[in-house]
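**Q** Okay, predicted coordinates and the sequence, questions at the end:
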Amino acid sequence: MSIVVMGVSHRSAPLELLERCTVAAADVPKRLADLASCANVSEAVVVSTCNRTEAYVVAEKFHAAFGEMRDFFCTLSGAAPAELSDHLYVHYDDDAARHLFRVASGLESAVVGEHEILGQVRTAWDTARTEGATGAVLNHLFRHSVSAGKRARTETGIARGTASISHAAVSMAKNHLGTLEDAQVLVVGAGEMAEGMIVALAAAGPAAVQVANRTPSHAEALAARVGGRHLPLGSLEDALVEVDLLLTSTGASSVIVDHASVGAIIERRAGRPLLIVDIAVPRDVDPAVARLPGVTLLDMDDLSRFAEVGQAGRQAEVAAVESILADETERFSADRTAREMAPLIESLRGKAEAVRQSELERALAAHPDLDDDAREALERATAALVNKLMHEPTVALRSAAGKAKGDRLADSVRDLFDL
């Protein structure tokens, strides 16, 4: 039995492929069911964010489960195995744990140290538990990952500065325009990312902010935080005629701003430039919009490059986080092995007790004339004998848990006692 993670991320795959692998929040239960129904998968969690889509499973047979997980990503993306092979990464057991701890700590994010990912990891785990897709192994792993992510943020400065994708998007827009103080801004979306952009805009001080979303009440609440106003989605095109900056991050499964619509808008803008920052995955804005005159379209690829330039301060904290995560991985491995050792010890002692009971019953049957005191004395003597014989093997197994020696001892005990 192994813990296995397979995935694609902004580091391993182009944005076009990454967005094809994205799982919308509403679709996660179905995808979990698909994974959990695989013959060689007993537990599953799906983590899908704007930076990555990853499947964590408990594999009963590693190689067979590997094939099932690869097929899962092929179905998800509509890609053939050959197209995916160079972009999928796989880690198992301690390396899988170390990878998840890096994800939860923000080391694998486009913006190193970003804080949104920890909540996303916790949400993915909560969803899997609600759907009955996890058990003792992945619950232990994800509980530990949340703890590791929190420790990285409290004991180091990894989260200082622009430590979120949404804040980085606003910073990138400000860097491109020079200032946002006189800008007319339109935010499309009202989820966690959009909320983060609104918070960042509040500090940037734009001239006016409008918020458009499918649910008007959500848009109203966000707009109120910056003294702005909400906008019906049906008025999006008219609003784009006036604004200087469009920031978008929705959960839509297809583009909501297409080439033809923006082309018609450009004609009405009388030559005024338009900056669009699209941090949705899948993208909200048709990439072809970038070819229109006067339009600058920035997406997650651009944000990754922008963040690399501005994260030098947090990079100094990476070594400290790596040290913490090495410690957390070692603790997780030892704890996991100890948890796996406990059933082995219980099985060993159970077998010894079964032999004792069988032999005691046979001895008592052969000597029916023994009185109660003699029978009780024989019971105590045989129980003490078994306990003494089992004491040293039990101590040795427990003390070696989490080490290579522990694995060797466990294998030997299973073979010797046919457990």
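**A** Noted; the coordinates are in hand.
**Q** isn't residue 282 right next to residue 251, touching?
**A** No. Proximity of residue 282 to residue 251 does not meet the contact threshold set by C-beta atoms under 8 Å, at 9.2 Å. Backbone N, C-alpha and C define where each C-beta goes, glycine included.
**Q** between the two, who's got more neighbours?
**A** Neighbours per residue, other C-beta atoms under 10 Å: of residue 282 and residue 251, the larger number sits with residue 282, 19 against 16.
**Q** Give the rounded mean pLDDT of stretch 73-83.
**A** Stretch 73-83 shows a mean pLDDT of 93.
**Q** Could you do stretch 33-51 as well?
**A** 94.
**Q** And for stretch 130-140?
**A** 94.
**Q** Return the distance of it from the chain's centre.
**A** 14 Å (C-alpha atoms, centre = their mean, to the nearest Å).
**Q** Next: stretch 281-300.
**A** Here stretch 281-300 is found 27 Å from its chain centre; the criterion is C-alpha atoms, centre = their mean.
**Q** Can you list the buried residues in that stretch?
**A** If you call a residue buried by 16 or more other C-beta atoms under 10 Å, then stretch 281-300 has these buried ones: 281-286, 289, 295-300.
**Q** Stretch 4-21 too?
**A** Residues 4-10, 13, 15, 18-21 are the ones in stretch 4-21 that count as buried (16+ other C-beta under 10 Å).
**Q** roughly how far apart are residue 417 and residue 261?
**A** Residue 417 sits 72 Å away from residue 261, going by C-beta to C-beta, to the nearest Å.
**Q** More neighbours: which of these two?
**A** residue 261 (16 against 13).
**Q** Can you check the pLDDT for the more buried one?
**A** Residue 261 carries a pLDDT value of 92.
**Q** and it, what element?
**A** helix 259-268 (DSSP states H and E).
**Q** How about residues contacting that helix?
**A** Helix 259-268 has contacts (C-beta atoms under 8 Å, 6 or more residues apart in numbering) with 237, 240, 241, 274, 285, 286, 288, 289, 292, 293, 294, 295.
**Q** need the next SSE after that helix, C-terminal direction.
**A** Using DSSP H and E, the helix or strand that follows helix 259-268 towards the C-terminus is strand 274-278.
**Q** Neighbouring strands of that next one in the sheet, and parallel or not?
**A** Here strand 274-278 has these sheet partners by DSSP bridges: strand 245-248 (parallel), strand 295-298 (parallel).
**Q** orientation of that strand relative to helix 259-268 in degrees?
**A** Strand 274-278 and helix 259-268 are oriented at 150 degrees to each other (axes from the mean of the first three to the mean of the last three C-alpha atoms, to 10 degrees).
**Q** can you give me the strands in this protein?
**A** Counting by DSSP state E, the segments of the chain that form strands are 2-9, 41-48, 52-59, 89-92, 184-188, 208-212, 229-231, 245-248, 274-278, 295-298.
**Q** and the fifth one, what's its mean pLDDT?
**A** Computed over strand 184-188, the mean pLDDT rounds to 95.
**Q** what does it contact?
**A** Contacts for strand 184-188 (C-beta under 8 Å, 6+ apart): 194, 197-198, 201, 206-213, 222, 231, 233, 236, 239-240, 242-250, 256-257, 284.
**Q** That one pairs with which strands, parallel or anti?
**A** Strand 184-188 sits in its sheet next to strand 208-212 (parallel), strand 245-248 (parallel), going by DSSP bridges.
**Q** what ranges of the stretch 251-400 of the chain fall below the confidence cut-off?
**A** Residues of the stretch 251-400 of the chain meeting the criterion pLDDT under 70: 310-314.
**Q** any idea how this structure splits into domains?
**A** 2-161, 165-307 (automatic domain parsing).
**Q** now the last one: how far from the chain's centre is it?
**A** Mean C-alpha position of domain 165-307 versus that of the full chain (C-alpha atoms, centre = their mean) differs by 27 Å.
**Q** How about the longest one?
**A** Taking the mean C-alpha point of domain 2-161 and that of its whole chain, the gap between them comes to 5 Å (C-alpha atoms, centre = their mean).
**Q** can you check stretch 381-401 too?
**A** Counting by C-alpha atoms, centre = their mean, stretch 381-401 is centred 41 Å from the centre of its parent chain.
**Q** Could you list the buried residues of that stretch?
**A** In stretch 381-401, counting by 16+ other C-beta under 10 Å, buried: 382, 386, 390, 393, 394, 397, 400, 401.
**Q** swap in stretch 94-110?
**A** Quick answer for stretch 94-110 (16+ other C-beta under 10 Å): 96-110.
**Q** what number of residues lie near the closest residue in space to residue 110 that isn't next to it in sequence?
**A** Computed as C-beta to C-beta, 6 or more residues apart in numbering, the closest residue to residue 110 that is not its neighbour in sequence is residue 304, at 4.3 Å. Look at residue 304: counted by other C-beta under 10 Å, it has 18 neighbours.
**Q** If anything else comes up later, I'll come back, but that's it for now.
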